[in-house]
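In: Show me how the following folds:
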Amino acid sequence: MNSSLALAGVLSGLAAGILTAEEPRPYGATPNGNQLQWHETETFSLIHYGLNTYTDREWGYGEEDPALFNPAKLDAGQVVAALKRGGMKGVILVAKHHDGFCLWPTKTTAHNISKSPWRGGKGDLVREYADAAKKHGLRFGLYCSPWDRNNAAYGTPAYLPVYQAQLRELLSQYGTLFEVWFDGANGGDGYYGGAREKRNIDRLTYYDWPNTWGIVRQLQPSACIFGDVGPDMRWVGNEKGCAAAESWATFTPKGKTDPARPANGDSMNHIEGPAGHRDGAAWMPVECDVPLRKGWFWHPHEDPTVRTPAQLMDIYFNSVGKGGCMNLGVAPDRNGLVCDADIAALDVFGNLLRTLFAVNFAENAVATASHVRTGPTTPDTPNPYAPVNALDSSRYSYWATDDSVTNATLTLTLPAVARFDVVRLRENIKLGHRVDGFAVDVWQDGDWKEYAKGQSIGACRLIRGPKVQSDRVRLRITQASACPCISDFGLFAMPAALDQKQP
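Out: Presented below is the predicted three-dimensional model:
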């Protein structure tokens, strides 16, 4: 074909709207489908309840009598309903803590709930929580501690088959799980079947992490695995619930093992976990865990330590608002219920969250951009990369520029003057972390004034600043490793009870 005919064909195609630009190629590590659903969950709770609740301990020694467990009023539905009112979208039950007491009638050890008087020895607390989560529409997850201070075989090769059998029971009997949780506490003093001694293990090899995690992959293929260092999410490195000011979902494990097959605890994430690594080898977003009160288990004198709704909102901004998830530890009391002090905090926090996001002042704004990626041009086929895509409710429709354009501006003209102090930004993370620098400007007194700036956006970036009033706002992408793909640009106002309190 000669050049004139080729050009005519291109022009004809453009006129007909049949030529489209390719979708931007992903940049760097990207999340899988399970991780996308985890990001969408945003807030969930970790439930610590068991013999420690009755002995007033955080870590049981392993010699506790199962007869201590006999709550007369236990109601998993009351707990899960309180979590839902508190804005939680999931619940993870600690099915076995370090003391080795199993909250389900396991065949692997006598140190389990069937040896307690509760429900006449016929109870299954894991089942009750799984059913309550389903009834109230929360996602369900489980944690089974690898460390077992009761088991006589712990520290020897004979223990690992026991632990893996416990996992198989839990992962095959209680429906679909969204997360299976592991932590790094292992080895030390224990009862160990009466030995009453200290046992040390190599935490990187003893639990055979690749094959142990493989049980999760086999039996719960849609679940994410949380550990100190992944493989699907990383620990934030503290128990304050706070990621770094600039936090990246990408992370490269550093330690003695292969980064592609990390061992739990084999990392520098207690130091580097809050921020992650720009251009890290794996998509391993940050999970920010924090107890609602001082301890993870309920203790009778800790009601004054319950975090206030304002403190919980600060944690939300520093976890979900930094591209991660907020994992709030909630501890039922000796009746098996969420106590009044905890309910009060959860109820107010949940209402504040709902109030905060009830009105998006950017909704129905007119969105324009300094550059828009080429897309279909027919009236019946809107451009899939148009600026307006940043204003819908989808996390995965987005405004984008051509590959060669990494500095661009997205401007919103609001339907009316609005008074706001929270900005929400999101990238389409299916395409990876792309933006390295951004600024938000507000039109005031006839000129643009910078309101905030940062580096990382990712799954969600929440910016809380002084209250301003305007009908024009713009996002400037000042630096990017690949063309920006912005899926959300929202504007909100903090509830009146909190609008003067900065995190």
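In: pLDDT value on residue 9, please?
Out: Note on residue 9: pLDDT of 35.
In: Could you do residue 91 as well?
Out: Listed pLDDT for residue 91 reads 98.
In: Surely it touches residue 133?
Out: Yes: contact criterion CB atoms under 8 Å: residue 91 and residue 133 qualify, at 5.3 Å. Just so you know, the C-beta spots here come from the backbone N, C-alpha and C atoms, and that holds for glycine as well.
In: What distance separates the opening and closing residues of stretch 56-65?
Out: Stretch 56-65 has an end-to-end distance of 14 Å (CA to CA, to the nearest Å).
In: ok, now stretch 329-345?
Out: 13 Å.
In: quick check: mean pLDDT across that stretch?
Out: Mean predicted lDDT for stretch 329-345 stands at 98.
In: list residues touching both of residue 91 and residue 133?
Out: The contact sets of residue 91 and residue 133 overlap at 80, 139-140 (CB atoms under 8 Å, 6 or more residues apart in numbering).
In: Show only the entries of those residues found in helices.
Out: Counting by DSSP state H, those place residue 80 in helices.
In: out of the shared contacts of residue 91 and residue 133, which is most surrounded?
Out: Neighbour counts for these (other CB atoms under 10 Å) peak at residue 80, which has 28 neighbours.
In: Look up how far residue 326 lies from that one.
Out: 17 Å (CB to CB, to the nearest Å).
In: just residue 429 next, same as before
Out: For residue 429 relative to residue 326 (CB to CB), the value is 17 Å.
In: ok, now residue 464?
Out: Going from residue 464 to residue 326 by CB to CB gives 15 Å.
In: likewise residue 144?
Out: 22 Å.
In: Geometric centre of the protein: which residue is closest?
Out: residue 325 (2.3 Å; CA atoms, centre = their mean).
In: Skip the chain neighbours and tell me the closest residue to it.
Out: residue 287 (5.3 Å; CB to CB, 6 or more residues apart in numbering).
In: So what's the residue count around that neighbour?
Out: 26.
In: One more: the one 3 residues further on?
Out: Other residues within reach of residue 290, judged by other CB under 10 Å, total 22.
In: Contacts only, for the closest residue to residue 144 other than its chain neighbours.
Out: Closest residue to residue 144 apart from its sequence neighbours, by CB to CB, 6+ apart: residue 96 at 4.8 Å. By CB under 8 Å, 6+ apart, residue 96 lies in contact with 102-103, 143-145, 148, 166.
In: quick one, phi/psi of residue 422?
Out: When read as degrees, to the nearest 10, the backbone of residue 422 gives phi -130, psi 130.
In: beta partners of it?
Out: Beta-bridge pairing for residue 422 (DSSP bridges): residue 464, residue 492.
In: Next, count neighbours for the closest residue to residue 367 other than its chain neighbours.
Out: Closest residue to residue 367 apart from its sequence neighbours, by CB to CB, 6+ apart: residue 387 at 3.7 Å. Using other CB under 10 Å, residue 387 has 25 other residues around it.
In: Could you pull up the residues touching residue 387?
Out: Contacts of residue 387 (CB under 8 Å, 6+ apart): 367-369, 372, 399, 410.
In: got the residue ranges for the strands in the stretch 351-500 of the chain?
Out: 366-369, 399-400, 408-427, 435-444, 447-454, 461-480, 485-492 (DSSP state E, counting those that start in this stretch).
In: Just say which of those strands is most tucked in.
Out: Comparing these by mean neighbour count (mean count of other CB atoms under 10 Å), strand 399-400 comes out on top with a mean of 30.
In: Neighbouring strands of that one in the sheet, and parallel or not?
Out: strand 485-492 (antiparallel).
In: possible to save the strands of the stretch 351-500 of the chain as CSV with distance to residue 208 and mean pLDDT?
Out: What follows is the strands of the stretch 351-500 of the chain, written out as CSV (distance: least, CB to CB, whole Å; pLDDT from 0 to 100):
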stretch, distance to residue 208, mean pLDDT
strand 366-369, 51, 98
strand 399-400, 44, 98
strand 408-427, 37, 98
strand 435-444, 39, 98
strand 447-454, 41, 98
strand 461-480, 38, 98
strand 485-492, 40, 98
